[in-house]
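Participant: Compute the structure for the input listed below.
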Amino acid sequence: MTVQVRSDRDVALAAGRALLDERVTASNRAGEAYFERYAQAIAACAAAMADRFFVGATLLVFGSGPHATDAQHNSVEFVHPVLPGCRALPALSLANDMATVTGMLQGDAAVDVYAHQLRVLGRAGDIALAFAHAPVHPSITRGLEAGAAAGMLTIALTSSENEAVREQADFAFHVPGSDRSGAHELHLATYHMLWELVHIVLNHRGIGEAS
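Facilitator: Okay, here's the model as predicted:
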């Protein structure tokens with residue numbers, strides 16, 4: 001009788017494959033549940049954004065901590081489209097103005113860092129889009145409130161273990177659970193879909209690159 005002894009390397013590879021299969025399966029299930037829930041809302045949100053852009057709106061994006069980079073990424077995609085036939089659209093990451101951000105953080109109204117910028121830079125009809133994971137920083141909540149008060153379309157991409165933590169907005173896309181990397185993946189997919197759908201609507205209405 002022959003006994004096959006598995007090496008430590010074989011055991012480690014098997015464990016790695018099992019972990020990878022588990023994570024991919026969980027990610028796929030979370031994505032299926034998320035987009036089944038929000039597919040129609042994403043389409044409606046993109047149409048509402050396109051309506052605003054069509055009449056000259058600016059997209060103002062913000063997020064705290066690591067989500068400041070999401071704001072930067074999202075705004076650049078609108079300003080510098082990567083696909084032919086897509087027009088550059090006005091967009092600004094509120095995290096980019098370091099003079100204003102650091103100045104506000106050094107003062108007594110740090111939680112108004114985004115609300116202040118929205119009141120100064122925004123107009124009625126603009127779009128305010130926020131990223132946040134729980135615990136949601138008050139600067140995000142106040143920013144969305146300032147955007148709504150100014151007559152902007154408000155959009156929130158959030159995640160948390162508690163479903164009740166989601167932010168109030170015209171369109172809120174919430175990822176439940178504590179897996180922040182999984183939530184970030186779904187948020188990334190969401191704002192890429194919004195970008196593409198906005199351009200589909202605008203090009204259909206006749207304000208593509210050739211106009």
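Participant: Helices of the chain, residue ranges please.
Facilitator: For the chain, the helices defined by DSSP state H occupy 8-54, 67-79, 98-105, 113-121, 138-149, 180-205.
Participant: The closest residue to residue 46 other than its chain neighbours and residue 160: what is the separation?
Facilitator: Distances taken as Cβ to Cβ, 6 or more residues apart in numbering put residue 197 closest to residue 46, at 3.4 Å, once the chain neighbours are dropped. For every residue, glycine as well, the C-beta is placed using N, CA and C. Separation of residue 197 from residue 160 (Cβ to Cβ, to the nearest Å): 26 Å.
Participant: What of residue 35?
Facilitator: Separation of residue 35 from residue 160 (Cβ to Cβ) stands at 19 Å.
Participant: Is there a neighbour count for residue 83? I'd like the number.
Facilitator: Residues lying near residue 83 (other Cβ atoms under 10 Å) number 9.
Participant: got it, and the one 4 residues further on?
Facilitator: For residue 87, the neighbour count with other Cβ under 10 Å is 15.
Participant: Let me know the pLDDT of it.
Facilitator: For residue 87, the model assigns a pLDDT of 87.
Participant: do the same with residue 208
Facilitator: On pLDDT, residue 208 comes in at 51.
Participant: residue contacts, residue 132?
Facilitator: 63-64, 67, 140, 156-159, 167 (Cβ atoms under 8 Å, 6 or more residues apart in numbering).
Participant: quick check, nearest of those residues to residue 189?
Facilitator: Sorting the contacts of residue 132 by distance to residue 189 puts residue 157 at the head of the list, at 10.4 Å, by Cβ to Cβ.
Participant: any idea how far the closest residue to the closest one other than its chain neighbours lies from residue 31?
Facilitator: Closest residue to residue 157 apart from its sequence neighbours, by Cβ to Cβ, 6+ apart: residue 187 at 4.6 Å. According to Cβ to Cβ, residue 187 stands 12 Å off from residue 31.
Participant: Comparing these two, which residue is more hemmed in?
Facilitator: In this comparison of residue 187 against residue 31, neighbours counted by other Cβ under 10 Å, the higher total goes to residue 187 at 24 against 15.
Participant: how close does the nearest residue to residue 111 once chain neighbours are set aside sit to residue 110?
Facilitator: Nearest non-adjacent residue to residue 111, counting by Cβ to Cβ, 6+ apart: residue 138, 4.2 Å away. Remark: distance between residue 138 and residue 110 (Cβ to Cβ) = 9 Å.
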